[in-house]
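> Have a look; sequence and predicted model below, questions after that.
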There are 6 protein chains.
Amino acid sequence: MYFHRQELQHKATPDAPDAVYARKLQEVLGGQYGEITVALQYQFQAWNMHIPGKYRDLVFGIGAEEMGHVEMLAVMIAQLLEKSPLGVTEDAVQDDPTVAAIVGGTDVQHAIVAGAGARAVDSNGNPWMGSYLTSSGNLLADFQANANAEMQGRLQVARLYHMTQDHGVRDLLAFLLARDTMHQNQWLAASAELMEEGVEALPVPSNFPLTKEERDVAYQYINFSDGAAAAEGRWASGPTPDGHGEFSYVPEPEPGVPMPPPTHPDARFYGTTDVPNIVEKAAGGIQDAMTKE
Amino acid sequence: MYFHRQELQHKATPDAPDAVYARKLQEVLGGQYGEITVALQYQFQAWNMHIPGKYRDLVFGIGAEEMGHVEMLAVMIAQLLEKSPLGVTEDAVQDDPTVAAIVGGTDVQHAIVAGAGARAVDSNGNPWMGSYLTSSGNLLADFQANANAEMQGRLQVARLYHMTQDHGVRDLLAFLLARDTMHQNQWLAASAELMEEGVEALPVPSNFPLTKEERDVAYQYINFSDGAAAAEGRWASGPTPDGHGEFSYVPEPEPGVPMPPPTHPDARFYGTTDVPNIVEKAAGGIQDAMTKE
Amino acid sequence: MYFHRQELQHKATPDAPDAVYARKLQEVLGGQYGEITVALQYQFQAWNMHIPGKYRDLVFGIGAEEMGHVEMLAVMIAQLLEKSPLGVTEDAVQDDPTVAAIVGGTDVQHAIVAGAGARAVDSNGNPWMGSYLTSSGNLLADFQANANAEMQGRLQVARLYHMTQDHGVRDLLAFLLARDTMHQNQWLAASAELMEEGVEALPVPSNFPLTKEERDVAYQYINFSDGAAAAEGRWASGPTPDGHGEFSYVPEPEPGVPMPPPTHPDARFYGTTDVPNIVEKAAGGIQDAMTKE
Amino acid sequence: MYFHRQELQHKATPDAPDAVYARKLQEVLGGQYGEITVALQYQFQAWNMHIPGKYRDLVFGIGAEEMGHVEMLAVMIAQLLEKSPLGVTEDAVQDDPTVAAIVGGTDVQHAIVAGAGARAVDSNGNPWMGSYLTSSGNLLADFQANANAEMQGRLQVARLYHMTQDHGVRDLLAFLLARDTMHQNQWLAASAELMEEGVEALPVPSNFPLTKEERDVAYQYINFSDGAAAAEGRWASGPTPDGHGEFSYVPEPEPGVPMPPPTHPDARFYGTTDVPNIVEKAAGGIQDAMTKE
Amino acid sequence: MYFHRQELQHKATPDAPDAVYARKLQEVLGGQYGEITVALQYQFQAWNMHIPGKYRDLVFGIGAEEMGHVEMLAVMIAQLLEKSPLGVTEDAVQDDPTVAAIVGGTDVQHAIVAGAGARAVDSNGNPWMGSYLTSSGNLLADFQANANAEMQGRLQVARLYHMTQDHGVRDLLAFLLARDTMHQNQWLAASAELMEEGVEALPVPSNFPLTKEERDVAYQYINFSDGAAAAEGRWASGPTPDGHGEFSYVPEPEPGVPMPPPTHPDARFYGTTDVPNIVEKAAGGIQDAMTKE
Amino acid sequence: MYFHRQELQHKATPDAPDAVYARKLQEVLGGQYGEITVALQYQFQAWNMHIPGKYRDLVFGIGAEEMGHVEMLAVMIAQLLEKSPLGVTEDAVQDDPTVAAIVGGTDVQHAIVAGAGARAVDSNGNPWMGSYLTSSGNLLADFQANANAEMQGRLQVARLYHMTQDHGVRDLLAFLLARDTMHQNQWLAASAELMEEGVEALPVPSNFPLTKEERDVAYQYINFSDGAAAAEGRWASGPTPDGHGEFSYVPEPEPGVPMPPPTHPDARFYGTTDVPNIVEKAAGGIQDAMTKE
């Protein structure tokens, strides 16, 4: 069950309206790595989890916090849009270049569809999608996905920080940056704990028997481009992070195997085959008819 | 420039057709974490990279290999579909439960649209989308995304391994599992190298000044659910992975700040406000008219 | 701020696993009119609202409840999937028609992607989309959208009720049906209250001056099909629900106005125009070349 | 069968070109609540309807009219784009701020893809989607959806009215506003008629036995937020619109039931469980390997 | 303006219900190359056309016919679904393999969402999308797109013909096949007419000056794969269809040019560069922290 | 297998940065008819092909070349973005109209998400989708699709040519225009060869027996609009391109057949039928309750 309190975790009020910036801020609300993504991702991981205890408590606790982050961003965007100009025409643009920028830089659906309100979309107006989520049931894999989301998310917030001088906005972003710092650290720590406790290990999934994979290519760097410097990285020699092998460098792939012969499906799929494919041969053809008067 | 050789990196021929399995295999071809995703993700990271040398050679080299994995899966799927039944009707189902399963378990677009060919979709027929990709320009963030993709990918292949007894299919999956093992190790090794060389550090992005974030909440686990066990994890006490702080556990959030007052946009957005909103008051209302004869 | 309690509003445990039904139940979790839609829709309406007080408290209060409904359905789906078969092959199907049904009737991404977990998708595996939401800032319009969502939602739950005999599932659905009954009533009551208080009226938006619309066609039923019975409805005669007019029936539309002449954009768009469009005339044409040896 | 007449229901010619406005007008052509949506929604409801007569004649008649509205908007947009600038570069922007606005404010696909023509997209360029439609077979539910669509649609047209001073455009919008007034009234009248005739009733679907839902929560307002004012609304006390009960106000939810225990799916899903999950324990772990030289 | 007549162009009644086939038939209603696509494509081409007369009359005339094809398919699907089973459970499957097939083979949204009605989706339940349309303003290009759509469409109908034995369905498909035959011929004839009249020519767009393209590679077949047989085709030697040149065969591409150096964007994008990227160096690193107790 | 060489087929370096143009150029990288589409389309056609030899070598060879075109465009876009402004605020706009244009005209995700890098999206930021591809197994149909893609693609490049004065960009576009000229010619030549060799013929699919279609309407132009000029085209009289018939002109369609009666699905779908639909009649109705105090 979820309970809502009509308070915000942190102040979320801009110094001044800025409809262009409101559009940009949509990215971290409704984008691929926005707050809706992490809020729902952590909650789905909680609902799908197979073990009780600290790991489940963790994803529940952070998932609910992230819902509050969605809220702070939505409220901030609504305020940034509050004075959004409505009736801008080309005439108005003649007199004021700021207006020109606003004409182009805003999300016009903020005005037309939402009446100066926040939306569940990214900074280009693409609707948020359920396919942004990752919840596989394997915690080492999923915590890696979570760390990834927090890294991309903090990177985007850092970029947005420089796109405004508004102190109120920056104050909120400074808070979100710090929480993303926490969450990056937290998912990496949780990944480490899974491995130290022997619950999971590398490679993911660790309980698929390694003997069933083709072990002789499991630690080879096989080069399919002509850049030789890849041989210099620690992925090309030395022990592997999973503790099971040694990296090696293969400058070009082994000769491959021949392609299997083309398929020959049922004739009623009407695919083109080497069997003559024409039931009733046309007298002429497309080109004849096209040149006829 | 890309060059194609009409060979496969590994044998990709099933022992027998299986249209139901062909549909399932689409997941690792055209799904969120399928081979199209990693192939294009690594190549976009290469095209967008800001430094020459080993890291760029790495993403170029693996990106091209993954294109070959796309190819092996597509060729495999086409062969699994080769004998896909076409004209199945409800009558046929009466006699043969296998046929019944095929009716329901196949991707019908394999037959109707592709004529028994592979498609750029996942196992539910959702088209592959460019929004699956991650290429941010920050290599520590992106290699984390890559490790995530390889973990989710190997997990899916491991599950698919148990969904067939076909030796030809399992032989290819054993190869892909091993390459995913390599790629998981590789991206983790590359992440470690970035940090050891001092090129990047945690938190991502490391060159955003920490002083600009709200440091006092940067290492707090703040609990928004009622599961107390989250206090037991290493994300709740002890040093943080980024080396800059100590985790602390906050059992419930501080009192929040009041919500800002509701916005009052331009009246011409026709939103509902506390100013009377009716220009020309209707004599009655919806309910009156609805009850009139 | 949102707080989570690790309890459910109502029991959500099936009597027995049923992976086929789990797929169907996804519709009311992640479909167009599923619980994710109403949960986020009400919350966005709250964040975007322009007046404090009872209407905002209403959408906040119900929005948080709906998050708990999302949770109950996700937990239910995970349990329905708990014994989901993994390694089903065509051989297995030969022996057991139930297995055949499961092969075809399940969402294969439940197994391959989520490891027997719930997902943010509908019953056909389409990801949930932000474009399902409606939050316009006009409360009469939005409460109409909410009533619509609750009607479609309850209709789907009623259908799903008959697709299972499982008492645990039906017990949860009986609860959801009742809450949808409440929410239908609630949004209609809230709409009525908006009108009674004179805050809003029909037509939406009521504060756009009626004098600015083309009033002579504002209450005409104009018939563009050849079904004459439409003249018999109360939309064809009598007073209109908005209290401003009388319906009239127009059996066929007035003669229209001529289409404006075709546009002639800049020649550098290379559209086909009545000005000869060929810069350098080809000696022959496609058809000549195609017939040449 | 559909027949087309090369006339328009109303004049649709702008006074002057305006590519920026053309983009905005796309919302009511190809957006969630644009004319394509209502045109196809009404026609699908007609094709799927279970009763002959006035209700089916109604949706057929209006569906065909809406196709003509799609046409008027498309023709208008093409004319607004007719003089759309093509070769705008940053140099040109230096001299003329109007051009700057146009650079940013237009839908660039209007130029690049459609050659100054209308498209089946919304004002942010998102393609129209079949998932915008509602056609459930239950007429009370669907007419509610229709009323909703006409309310959102008229609201958007009213906003667009203020975004231009062009008399030709406003003339068309005044016509569309009036037709939306009619259609709002019409769907509400049709809903009322369904109920008066006893064909349908509240709650939707009315012929699902109320005794099968959990009646004791069917009229409770249960508060999950901390805003107390929701108790003041008519949704919190008094008779319910469906005529079956009395609203009551529950200031906070009853204690919930415990969450069911976590699921334990087949081990071959490789989810993380409390059973040790590691087949072949790695000698070290990710962290060891990552720090090794 | 569009007028609807409550008749069908051809009989559209199945002999018997078949919910599995109804799902398949959705492909040619709401798929990439279904009737909604061609209906709207032709109409958008008409609305965007730059010349009056026969070509515009053509697209208007056929566009309206295709709307009637959408209708016939929708009505057919509704009838195929009429006896669609609703309450199928796993128990029922035990007794009847036909039921098993139906469980898996139907579009479950037909039942849950549409109440046994047709939907604007393809055979996998993907919603129809505006991005399926092509309307560029260049008639030679667009008629090529139309011919393509009719070819893919007729191919799919031919496949569907063999997936049923129902005479009523086949009777409708035989009609649609014939109309697709007409429409293929028609678009090819119209393309030829455009060229014969000198309105358009190859290559598209023909009025872009050929001198501005890099003519020395305009007729080279450049081989990037190792299949030598491509040299045998008429695309490798002889005159080109556009009448402007001679094909030549280039067995492997010329040496390329070096890649440009990597980009160095503004440091505030926080991309990884060869300039040390760390503002405040962490004492340790991720791996240190992860191994610490 | 694919091999990458760190060279470009043609120089791809702009004279100067231009973030606005970078956005536009995304269309031919990641749009419906961009290079990702043709690259993957040709490769899927190769993987799915049913015959070895020249046709398969052709699609493999061109598919790999197109991957190199994707690369050139991505590299070009990254360079155009290299000096993309980051921290633009409304203040800055006051002083410089160029900046105003950039605020509005850029793809803000280029900055926020990709850190000044290319993305797999079109010029409006819509992600590339697998549903853009066509690979049916029938080569005449698919080569028609390919010719269409090259025509639309070259048209878009020609338009983009006039949207910049940058010599470096135009130099690359001149190269791409020439290759599109080649590829248009090539697919038309390949189509002609298929027909000359008797492998395929018109109509597609040519081996579906014509006797099974309803031949009497196979060459009729049936007019559903009121434009009489369509009778003047070669699609209205004379021999048909497929060589099997003569076009005829039907000024208006034959009288249609009556619509089948409405469907009556299972009552548990709760659709509205002419059977009274109310299980437990409400005492009042929505309207009564709404008017009650």
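That came through, no problem. The structure displayed is predicted, hence computed values, not measured ones.
> Tell me how many other residues crowd residue A:212.
Neighbourhood size, residue A:212 [other C-beta atoms under 10 Å in any protein chain shown]: 15. Quick note: C-beta positions are derived from backbone N, CA and C, even for glycine.
> er, residue A:209 actually
Considering only other C-beta under 10 Å, residue A:209 is surrounded by 9 other residues.
> What sits closest to residue A:129 if chain neighbours are left out?
Leaving aside its chain neighbours, residue A:129 sits nearest to residue C:127 (4.7 Å; criterion: C-beta to C-beta, 6 or more residues apart in numbering or on different chains).
> Residue A:131 is in contact with that neighbour, correct?
Yes: using C-beta atoms under 8 Å, residue C:127 is in contact with residue A:131, at 4.0 Å.
> joint contacts of these two?
residue B:126 (C-beta atoms under 8 Å, 6 or more residues apart in numbering or on different chains).
> can you map out the helices along chain A?
A:19-30, A:35-48, A:54-80, A:90-95, A:97-105, A:108-112, A:139-161, A:167-196, A:286-291 (DSSP state H).
> Nearest to residue D:274 among those helices would be which one?
Closest to residue D:274 of the helices of chain A is helix A:54-80 (C-beta to C-beta; 10.2 Å).
> Mind checking if that closest one is in reach of chain D?
Yes: using C-beta under 8 Å from any C-beta of the partner chain, we find that helix A:54-80 touches chain D at A:55-56.
> Who are the packing partners of that helix?
strand A:7-8, helix A:19-30, helix A:35-48, helix A:167-196, strand B:220-222, strand C:2-4, helix C:35-48 (3 or more C-beta pairs under 8 Å, 6 or more residues apart in numbering or on different chains; DSSP states H and E).
> what distance separates the second one from the middle of the whole chain?
Pointing back at helix A:19-30 there. In terms of C-alpha atoms, centre = their mean, to the nearest Å, the centre of helix A:19-30 is found 16 Å from the chain centre.
> Then the first one?
Averaging C-alpha coordinates over strand A:7-8 and over its chain gives two centres that are 27 Å apart (C-alpha atoms, centre = their mean).
> Check stretch A:214-224 too.
That offset, for stretch A:214-224, works out to 28 Å (C-alpha atoms, centre = their mean).
> Identify the residue nearest residue A:212 in space, chain neighbours excluded?
residue B:174 (6.1 Å).
> which residues sit in contact with that neighbour?
By C-beta under 8 Å, 6+ apart, the contact set of residue B:174 is A:212-214, B:161.
> quick one: pLDDT of it?
pLDDT, residue B:174: 98.
> Residue A:131 now?
The model's pLDDT for residue A:131 equals 97.
> how much space between it and residue A:63?
Separation of residue A:131 from residue A:63 (C-beta to C-beta, to the nearest Å) stands at 19 Å.
> circling back: just the buried ones out of the contacts of residue B:174, please.
By neighbour count, with 16 or more other C-beta atoms under 10 Å in any protein chain shown, the contacts of residue B:174 hold A:213-214, B:161 as buried.
> ok, those vs residue E:224, which is closest?
residue A:214 (29.1 Å).
> Who are the contact partners of that closest one?
B:10, B:174-175, B:177-178.
> From the residues you listed, pick the one nearest chain C.
Closest to chain C out of these is residue B:177 (14.5 Å), distances taken as C-beta to the nearest C-beta.
> give me every residue that touches the residue nearest to that closest one when sequence neighbours are not counted.
Closest residue in space to residue B:177, ignoring its immediate chain neighbours: residue A:213 at 3.8 Å, by C-beta to C-beta, 6+ apart. Going by C-beta under 8 Å, 6+ apart, residue A:213 touches B:174-175, B:177-178, B:181.
> sorry, back to before: mind checking which of the helices of chain A is nearest residue D:27?
Relative to residue D:27, the nearest member of the helices of chain A by C-beta to C-beta is helix A:108-112, separated by 4.9 Å.
> and that closest one, how far from the chain's centre?
With C-alpha atoms, centre = their mean, you get 25 Å for helix A:108-112.
> quick revisit: of the contacts of residue A:214, closest to chain E?
Closest to chain E, out of all of the contacts of residue A:214 and judged by C-beta to the nearest C-beta, is residue B:10, at 18.1 Å.
> about what we covered before: what's the most distant pair in the contacts of residue A:214?
Across the contacts of residue A:214 (C-beta to C-beta), the longest gap, 11.5 Å, separates B:10 and B:177.
> quick one: which of these two has more around it?
Set residue B:10 next to residue B:177 and count neighbours by other C-beta under 10 Å: residue B:177 wins out with 27 against 20.
> Enumerate every residue touching the more buried one.
A:208, A:212-214, B:154, B:157-158, B:161.
> Can you get me a residue count around the residue of the stretch 101-250 of chain A found nearest chain E?
Per C-beta to the nearest C-beta, residue A:192 is where the stretch 101-250 of chain A lies closest to chain E, at 3.6 Å. Using other C-beta under 10 Å, residue A:192 has 23 neighbouring residues.
> swap in the one 4 residues further on?
When neighbours are defined as other C-beta under 10 Å, residue A:196 has 15 of them.
> picking that back up, what score does the residue of the stretch 101-250 of chain A closest to chain E have for pLDDT?
Reading off the model, residue A:192 has pLDDT 97.
> related to what we said a few turns ago, more crowded one of residue C:127 and residue A:131?
In terms of neighbours (other C-beta under 10 Å), residue A:131 is the more surrounded of residue C:127 and residue A:131; the figures are 23 against 20.
> so the more buried one touches residue B:130, yeah?
No: look at residue A:131 against residue B:130 with C-beta under 8 Å: they stay out of range, at 11.6 Å.
> domain assignment for chain A?
Here the domain assignment for chain A is A:19-196, A:210-280, based on automatic domain parsing.
> where does residue A:137 fall, phi/psi-wise?
Per-residue torsions, residue A:137: phi 90, psi -20 (degrees, to the nearest 10).
> and the gap between it and chain F?
26 Å (C-beta to the nearest C-beta, to the nearest Å).
> tell me the contacts of that residue?
A:48-50, C:114-117, D:265, D:269-272.
> could I get those residues as a markdown table with pLDDT?
Listed next are the contacts of residue A:137 as a markdown table, based on pLDDT from 0 to 100:
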| residue | pLDDT |
| --- | --- |
| A:48 | 98 |
| A:49 | 97 |
| A:50 | 97 |
| C:114 | 97 |
| C:115 | 96 |
| C:116 | 95 |
| C:117 | 97 |
| D:265 | 93 |
| D:269 | 93 |
| D:270 | 94 |
| D:271 | 95 |
| D:272 | 95 |
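> Counting neighbours, which of those comes out on top?
When these are compared by neighbour count (other C-beta under 10 Å), residue C:115 ends up highest, at 31 neighbours.
> quick one: the closest residue to that one other than its chain neighbours from residue C:29, how far?
Counting by C-beta to C-beta, 6+ apart, residue A:137 is the residue found nearest to residue C:115 once chain neighbours are left out, at 3.0 Å. For residue A:137, the distance to residue C:29 equals 17 Å [C-beta to C-beta].
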